[in-house]
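Enquirer: My questions are about this predicted structure, shown below with the sequence.
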Amino acid sequence: MPSERTEVQVRPGVATDLGTLTDIYNHYVRETPITFDTAVFTPEERRPWLLSHPEDGPHRLMVAVDADSQRILGYATSSAFRPKPAYETSVEVTVYLAPGAGGRGVGTLLYSALFDALKGEDIHRAYAGIVQPNEASVRLHERFGFRYLGTYREAGRKFGRYWDVARYEKEL
């Protein structure tokens, strides 16, 4: 099976990635409760999101690319945790993988690159919310030292039902 693996490169996201990144995100909007957005986006509607993740600073966008085909396999971000100034040293992190890209270590590569990029930034804590159930995401976060904080019960309604969100934190 290792011969089937392709090399994956991780790099900062750029403007030309916007269409593919929007497609990946829209998959989760349409097909899963993983995001509580309920309507798909156009790339232009997602442009402010992309622009809020420059190549430096605490809010980053890292993209995983298949080295052979240059196909985007997923992305990870660190974003503002809350809008008030006292929260500036906290970020919320997330990973989204392209359909079919799971189980290849892409999420691990993305988080490794993201946390390496955040070294030296004035960031004290990273937080993550994981819609339940999602064992793969729980394993990924725990692998990176995230600690379970608690669960918001029935925090969001999507697809005609309520979903719990488990909250995790990591000291940086």
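Expert: That came through, no problem.
Enquirer: which element is the residue nearest to Tyr162 when sequence neighbours are not counted on?
Expert: Distances taken as CB to CB, 6 or more residues apart in numbering put Glu154 closest to Tyr162, at 3.6 Å, once the chain neighbours are dropped. Yep, even glycine has a C-beta here, placed from its N, CA and C like the rest. Following DSSP states H and E, one finds Glu154 within strand 147-158.
Enquirer: Tell me the first helix or strand C-terminal of that strand.
Expert: strand 161-171.
Enquirer: mean confidence score for that following strand?
Expert: Here strand 161-171 scores 98 as its mean pLDDT.
Enquirer: can you pull the alpha-carbon coordinates of it into PDB?
Expert: C-alpha atoms of strand 161-171 as PDB (Å, rounded to 0.1, in the frame of the first residue of the first chain):
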ATOM      1  CA  ARG A 161     -31.800  17.400  13.600                       C
ATOM      2  CA  TYR A 162     -29.700  18.900  16.400                       C
ATOM      3  CA  TRP A 163     -26.000  18.300  16.600                       C
ATOM      4  CA  ASP A 164     -23.600  18.400  19.600                       C
ATOM      5  CA  VAL A 165     -20.300  20.300  19.400                       C
ATOM      6  CA  ALA A 166     -17.300  19.000  21.400                       C
ATOM      7  CA  ARG A 167     -14.800  21.800  22.300                       C
ATOM      8  CA  TYR A 168     -11.100  21.200  22.500                       C
ATOM      9  CA  GLU A 169      -8.100  23.400  23.400                       C
ATOM     10  CA  LYS A 170      -4.300  23.300  22.900                       C
ATOM     11  CA  GLU A 171      -1.700  25.500  24.600                       C
END
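Enquirer: how far does it sit from the chain's center?
Expert: 14 Å (CA atoms, centre = their mean, to the nearest Å).
Enquirer: Give me the contact list for it.
Expert: Outside strand 161-171, the residues within contact range by CB atoms under 8 Å, 6 or more residues apart in numbering are 33, 36, 124-132, 138, 141-142, 144-157.
Enquirer: got the end-to-end distance for stretch 64-71?
Expert: 9 Å (CA to CA, to the nearest Å).
Enquirer: Count the residues that sit near Pro99.
Expert: Counted with other CB atoms under 10 Å, the neighbours of Pro99 add up to 11.
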